[in-house]
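1. Mind folding the following:
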Amino acid sequence: MSAEVFTTFAGIVAAVSVVAINVGMQRALDLDFLGLNFWFIVPAGALIGGLGAASGYYAAARATQTLPSRRMLVEMLAIAFSTWLLMHWIEYATITLSDGSLVRDQVPFWYYLRLRTEHMQLVIENQSHTHPDTTPELGLLGYAHELLQIAGFMLGGFIMWRALRSREACTPCSRYAHTTKLLERVTSAAFDDILGRAGIMIPAFADRVADALGKRRLVGLNLSIATCPSCNRSWIRPAAVGMDGAHPVAKPIVAYDLTAAQARELRRIGAG
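-> Residues are numbered from 1 along each chain as shown. Reported below is the predicted structural model:
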């Protein structure tokens with residue numbers, strides 16, 4: 001089975017699993033998890049659903065050594081959107097009317113989806129989870145609600161693709177690298193000392209740190225070493241940690257290739 005077919009199959013399995021779990025929760029707990037929203041505008045359930053649906057692509061890409069591409073991004077976004085669509089189609093295919101007949105035998109799917117969207121009511125849970133309130137029918141606002149749901153699913157797919165892209169990989173060999181974190185949020189002096197002892201000097205490193213941080217204040221440096229399992233090429237990936245408001249943010253810096261001797265020495269120092 002080719003890598004492309006395998007990753008597509010894995011994405012479909014993950015999407016169906018997400019919808020199946022949601023259906024089970026609806027029937028067992030009367031909880032539509034994928035429809036959960038915070039403050040009306042944060043589609044938390046849809047975001048998690050998109051992450052879950054795209055996780056099949058992520059796992060299959062790692063297993064088949066398939067590096068992320070724009071095409072894979074489109075596919076992961078498509079599977080996230082398809083999960084939203086499948087969620088509604090399952091509801092359409094299984095819901096019954098008061099006389100016992102199936103909705104799917106009475107109206108087309110797209111007409112059902114329009115009716116559902118315009119006549120939707122939201123259940124508002126309070127902090128005590130007692131006496132929940134219900135909004136009036138949303139009308140045209142229902143379309144805005146569904147667009148938020150779609151955006152949540154697709155954002156989840158995009159985040160999963162970004163996570164895959166952030167993995168260290170050897171592009172010529174098309175292999176994900178074995179990565180080890182050596183330093184985390186250390187001072188510039190400690191960072192320079194480790195590299196110096198391994199005989200490594202990164203040209204214009206201070207300028208690279210400044211470019212990565214922008215206007216953020218430097219609070220530490222991270223360092224990881226990666227090795228390709230195919231060609232055994234090793235490189236380091238520094239990262240500058242800066243403050244974004246009250247939160248530290250690690251901004252990766254361009255990788256620097258190592259000789260075999262430098263890689264061995266750096267690993268020895270890091271292990272010590």
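
2. Could you use CA atoms for every contact and neighbour count after this?
-> Will do.

3. Domain ranges for the protein, per the record?
-> 3-167, 170-271 (automatic domain parsing).

4. How far off centre is the shortest one?
-> Okay, so that is domain 170-271. Offset of domain 170-271 from its chain centre (C-alpha atoms, centre = their mean, to the nearest Å): 23 Å.

5. Can you classify the residue lying farthest from the centre of the chain by secondary structure?
-> The centre of the chain is farthest from one residue, D99, which by C-alpha atoms, centre = their mean lies 43.3 Å away. State at D99, reduced to three classes by DSSP: H, G, I helix; E, B strand; the rest coil: coil.

6. just to revisit the earlier point, mean pLDDT for the domains of the chain: which is lowest?
-> Mean pLDDT across the domains of the chain is lowest at domain 3-167; the value there is a mean of 87.

7. end to end, how far does that one reach?
-> With C-alpha to C-alpha, to the nearest Å as the measure, domain 3-167 spans 18 Å from end to end.

8. same thing with stretch 181-191?
-> Distance across stretch 181-191, first residue to last, is 13 Å (C-alpha to C-alpha).

9. what do you get for stretch 64-71?
-> End-to-end for stretch 64-71, by C-alpha to C-alpha: 16 Å.

10. what's the neighbour count on the closest residue to L195 other than its chain neighbours?
-> Take L195 and drop its neighbours on the chain: the residue closest to it by C-alpha to C-alpha, 6 or more residues apart in numbering is M201, 6.7 Å away. By the criterion of other C-alpha atoms under 10 Å, M201 has 12 neighbours.

11. Equivalent analysis for F81, please.
-> By other C-alpha under 10 Å, the burial measure for F81, its neighbour count, is 22.

12. from the middle of its chain, how far away would stretch 100-117 be?
-> Mean-position distance between stretch 100-117 and its chain equals 33 Å (C-alpha atoms, centre = their mean).

13. okay, how far is it across that stretch, tip to tip?
-> One end of stretch 100-117 sits 23 Å from the other (C-alpha to C-alpha).

14. now the strands: where do they sit in this protein?
-> 123-124, 133-134, 169-170, 175-176, 178-186, 217-227, 234-244, 247-252, 256-258 (DSSP state E).

15. where exactly do the helices run in this structure?
-> Per DSSP state H, the chain carries helices over the ranges 3-29, 44-64, 70-94, 109-118, 141-165, 188-197, 205-213, 260-271.

16. and stretch 35-52, how far apart are its ends?
-> 14 Å.

17. Provide the contact partners of that stretch at residue level.
-> Defining contact as C-alpha atoms under 8 Å, 6 or more residues apart in numbering, one finds that stretch 35-52 is touched by 14-15, 18, 33-34, 80-81, 83-84, 145, 148-150, 152-157, 159-160.

18. distance between that stretch and the chain's centre?
-> Worked out by C-alpha atoms, centre = their mean, stretch 35-52 lies 13 Å from the chain centre.

19. Do I have it right that L213 meets D244?
-> No: L213 is beyond contact range of D244, at 9.6 Å (criterion: C-alpha atoms under 8 Å).

20. For these two, indicate the residue with more neighbours.
-> L213 (22 against 13).

21. Distance check, that one against G220.
-> From L213 to G220 the distance is 11 Å (C-alpha to C-alpha).

22. Quickly list what's touching both of these two.
-> Joint contacts of L213 and G220 (C-alpha under 8 Å, 6+ apart) are A240, V241, G242.

23. dump the residue contacts of the closest residue in space to A10 that isn't next to it in sequence.
-> With sequence-adjacent residues excluded and distances taken as C-alpha to C-alpha, 6+ apart, A10 is closest to G56, at 4.7 Å. Applying C-alpha under 8 Å, 6+ apart to G56 gives the contacts T7, A10, G11, I12, V13, A14, A15.

24. swap the cut-off to 10 Å and go again
-> 6-15, 17, 76, 79, 160 (C-alpha atoms under 10 Å, 6 or more residues apart in numbering).

25. wait, which of the residues you listed is closest to L182?
-> Nearest to L182 among these is M160, at 24.9 Å by C-alpha to C-alpha.

26. Great, nothing more from me.
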